[in-house]
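Visitor: Dropping the sequence and predicted coords here.
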Amino acid sequence: MKILLSPSESKILPSVNCATNPSTTPTSLKNPANIVKNNLSTDKMWGGFDSRINHICAYLKELESADDENLKKIFGSKHIPIDSLSHSLKILESSTTKAITLYNGVAFKALDFMSLDSGAQDFVLENVLIFSNLFGMVRAKDNLPFYHLNQNYKSPTLNLKNLYHAQSQEIDAFLANEDIIIDLRAEIYIKAYPLKQSHFVLKMPDKKISHQAKLYRGSALRELALFQSKLLYPSAQNTSNAKTSNKNSSNASSNQLKQYLHTFFELRF
């Protein structure tokens, strides 16, 4: 199973205490391939390596050369947050955090990852894929630095369409053998990378409240994670019992999951 999720514009700034020693000079782009490979792309799952490097370098170059008006467009803000700009300029050297804890928009607040039980957290970390507008597709457990980039910002070298077009074949291969895919992404990310196989989407309770889609997506992911945790680990306090229960009831669990999915989601082809 894989659940596809959009990122959020809002992210948690790293605290001074957990930050690495930042460079006092602008980020060097003399050998970006080595820098990115050492700090941002050590995980084999991270496909689209060349396109990711190009996108990161384009982002840094535009930040470093932009005047105030262009910075506002890149950030999608009327004001330029100095802390955000400072951290964004140093993404190649900054401290990192798991992607699922970096974002704190409406959907991520509804998910409230840190309050989930360990089984539900493990489910999220292993099964959620976040479609970043800077790094491309990443896993919930992948480590990312803070950055700020308006999802609607477009330039010849920095845009969603090019990033996901370059990564599409590797994403296709990564998802090819998944029996269940749940797409909780916003429309802009669906257009950037359209799924090519059948998948589930969330049943919205009422078209009139579709503006609350982010909240419902985050809540749906939370409930699914808790459902899976309870299904797979009914005795959360006893690991051995949980594993035994998981082995002995795999068929029943599969049927319960299918029933759950068809209750709250609809299948798209």
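Guide: Yes, it's here.

Visitor: C-alpha only now, for contacts and for neighbours.
Guide: Will do.

Visitor: what about Ile80, helix or strand, and which?
Guide: Taking DSSP states H and E as the definition, Ile80 sits outside all helices and strands.

Visitor: now what about stretch 217-227, what contacts it?
Guide: 106-113, 116-117, 119-121, 123-124, 184, 202 (Cα atoms under 8 Å, 6 or more residues apart in numbering).

Visitor: Dump it to CSV, restricted to CA.
Guide: The C-alpha coordinates for stretch 217-227 follow below in CSV (Å, rounded to 0.1, in the frame of the first residue of the first chain):
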residue,chain,number,x,y,z
ARG,A,217,-7.4,14.4,3.8
GLY,A,218,-5.3,14.7,6.9
SER,A,219,-8.0,13.3,9.1
ALA,A,220,-8.6,10.4,6.7
LEU,A,221,-4.9,9.5,6.8
ARG,A,222,-4.9,9.6,10.6
GLU,A,223,-7.9,7.4,10.8
LEU,A,224,-6.5,4.9,8.3
ALA,A,225,-3.2,4.8,10.2
LEU,A,226,-5.0,4.1,13.5
PHE,A,227,-7.2,1.5,11.8
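
Visitor: buried set for that stretch?
Guide: 217-222, 224-227 (16 or more other Cα atoms under 10 Å).

Visitor: Quick one: distance of that stretch to the chain centre.
Guide: Counting by Cα atoms, centre = their mean, to the nearest Å, stretch 217-227 is centred 15 Å from the centre of its parent chain.

Visitor: Centre of the chain to stretch 86-98, how far?
Guide: Taking Cα atoms, centre = their mean, one finds stretch 86-98 lying 16 Å from the centre of the chain it belongs to.

Visitor: Redo the buried residues of stretch 217-227 as CSV? Include distance to Leu102, secondary structure and pLDDT.
Guide: Formatted as CSV, the buried residues of stretch 217-227 follow (distance: Cα to Cα, whole Å; DSSP: H, G, I helix; E, B strand; the rest coil; pLDDT from 0 to 100):
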residue, distance to Leu102, secondary structure, pLDDT
Arg217, 17, helix, 94
Gly218, 15, helix, 95
Ser219, 18, helix, 95
Ala220, 19, helix, 95
Leu221, 17, helix, 97
Arg222, 17, helix, 97
Leu224, 21, helix, 97
Ala225, 19, helix, 96
Leu226, 21, helix, 96
Phe227, 24, helix, 95
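
Visitor: which one of those is nearest Ser10?
Guide: Using Cα to Cα, Gly218 comes nearest to Ser10 of the buried residues of stretch 217-227, at 14.4 Å.
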